[in-house]
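Participant: Return atomic coordinates for the entry below.
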Amino acid sequence: MTKTLIVSPDTKLLHRLKMILTLSGFDVQTAHSSAEAKKLIREVRFKIILADIHGHKKDIFKSIKKWKNEGMNLPVLYMGENAIDDVMVMASYGLNEFIVKPFTFNHLKQKLSLLMSLQEQGL
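Facilitator: Predicted structure coming up:
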């Protein structure tokens, strides 16, 4: 099972993604804020993070950059609504991949598979 952390202030999104990913064999934990996520990251060895900004873009981006600078080099799938603006910014903060909301479960699975394969290759 792939230990996965989903970070989002959107309770409905957290619940839906947790349910879908758990049924697909992922070991999922959730956090409503970057502070809550940081605590979980220090306690659990996650393999991947799904981060939803939903109005908290700079907070999430800064937190992920800080975590990566501290050696928590986890692959991050960023979920957002504005691909053109956000994709250009996300790379400078160390986010690995982007998915535009709304998205299908198959698209999400493809993105997660890509990130997991990159992590296995050490990229």
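
Participant: and the longest helix for this structure?
Facilitator: Ranked by residue count, the top helix of the chain under DSSP state H comes out as helix 105-120.

Participant: List the contacts of the helix or strand containing Leu5.
Facilitator: For Leu5, the element it lies in under DSSP states H and E is strand 2-7. Surrounding strand 2-7, the residues in contact under the criterion C-beta atoms under 8 Å, 6 or more residues apart in numbering are 14, 17-18, 21, 25-34, 36-37, 40-41, 44-52, 60, 112, 116. In this view, the C-beta of every residue, glycine as well, is placed from N, C-alpha and C.

Participant: Please enumerate the helices of this structure.
Facilitator: Counting by DSSP H, the segments of the chain that form helices are 11-23, 34-43, 57-69, 83-90, 105-120.

Participant: Distance check, the residue nearest to the spatial centre of the chain against Val76.
Facilitator: Taking C-alpha atoms, centre = their mean as the criterion, Leu50 is the residue nearest the geometric centre of the chain, at 1.6 Å. Distance of Leu50 to Val76, given as C-beta to C-beta, to the nearest Å: 8 Å.
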